[in-house]
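K.L.:
attaching a predicted model along with its sequence, questions to come.
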Amino acid sequence: MAATEAYLEKHGVTKMLDAIVNELVSEKPADPISFLINGLLKEAGKRGQEPALLQRLVELKKTLLSEQAEASKTLDEKAKLSAEVDKLAYRIKHLCKALDTAEANGGGGGGGGGGGDGRRETSEERRAKIAQWNAAGAGGGGD
């Protein structure tokens, strides 16, 4: 017992806990556990000690800030790619219109693009393919 008392006295544990408990009883907070923990953290600060809990919180904060920066970059990249997809969808739409106009004027414009059977793909088939491509998530909207 003498060793235990000597340890408690050496580190001021009994005085510290008595003070924290007296303050707890005086204030009667709604959350006594948090009150006690905060009291211990304050005491550690007064003694110039950084508890493992605070060290871990600092590490977590650094990790979260790093991940937040990475997520922000990823969102910026996604926005750029989405804008590019919208531009490409716009170009495809207008190229299809140009092909339709050329076909309507008898311009033809080559014999490829069908089902491999030598026939030309109709504008309706092209639109269906584009709609299918857009539905699969490869395209944007953008009229």
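P.N.:
Ah, there it is. The structure presented is a predicted model; accordingly, all values stated were derived computationally and were not measured. Numbering: from 1, shown residues only.
K.L.:
going by C-alpha atoms from here, please, whenever you check contacts or count neighbours.
P.N.:
Fine.
K.L.:
pLDDT wise, what is Met1 at?
P.N.:
Confidence at Met1, expressed as pLDDT, is 81.
K.L.:
what packs against the helix or strand that contains Ser26?
P.N.:
Assigned by DSSP states H and E, Ser26 belongs to helix 13-27. With contacts taken as 3 or more C-alpha pairs under 8 Å, 6 or more residues apart in numbering; DSSP states H and E, helix 13-27 sits against helix 32-46.
K.L.:
next, the angle from the helix it packs on to helix 13-27.
P.N.:
For helix 32-46 against helix 13-27, the angle by axes from the mean of the first three to the mean of the last three C-alpha atoms, to 10 degrees is 130 degrees.
K.L.:
and the helix or strand following helix 32-46, how far from the chain's centre?
P.N.:
Next helix or strand after helix 32-46 toward the C-terminus (DSSP H and E): helix 52-104. Centroid separation between helix 52-104 and its chain, computed with C-alpha atoms, centre = their mean, to the nearest Å, is 12 Å.
K.L.:
do the same with stretch 8-22
P.N.:
Put simply, stretch 8-22 sits 45 Å off its chain's centre (C-alpha atoms, centre = their mean).
K.L.:
just stretch 3-16 next, same as before
P.N.:
Offset of stretch 3-16 from its chain centre (C-alpha atoms, centre = their mean): 48 Å.
K.L.:
kindly report the same for stretch 47-54.
P.N.:
31 Å.
K.L.:
tell me the mean pLDDT over that stretch?
P.N.:
Stretch 47-54 comes out at a mean pLDDT of 84.
K.L.:
mind listing what's buried in that stretch?
P.N.:
By 16 or more other C-alpha atoms under 10 Å, stretch 47-54 has no buried positions at all.
K.L.:
count the residues that sit near Glu23.
P.N.:
With neighbours defined by other C-alpha atoms under 10 Å, the count for Glu23 comes to 15.
K.L.:
against Glu9, how distant is it?
P.N.:
Distance, Glu23 to Glu9, by C-alpha to C-alpha, to the nearest Å: 20 Å.
K.L.:
got a list of contacts for stretch 61-69?
P.N.:
For stretch 61-69, contacts defined as C-alpha atoms under 8 Å, 6 or more residues apart in numbering pick out no residues.
K.L.:
okay, Val85 and Lys73: tell me how far apart.
P.N.:
Using C-alpha to C-alpha, Val85 is found at 18 Å from Lys73.
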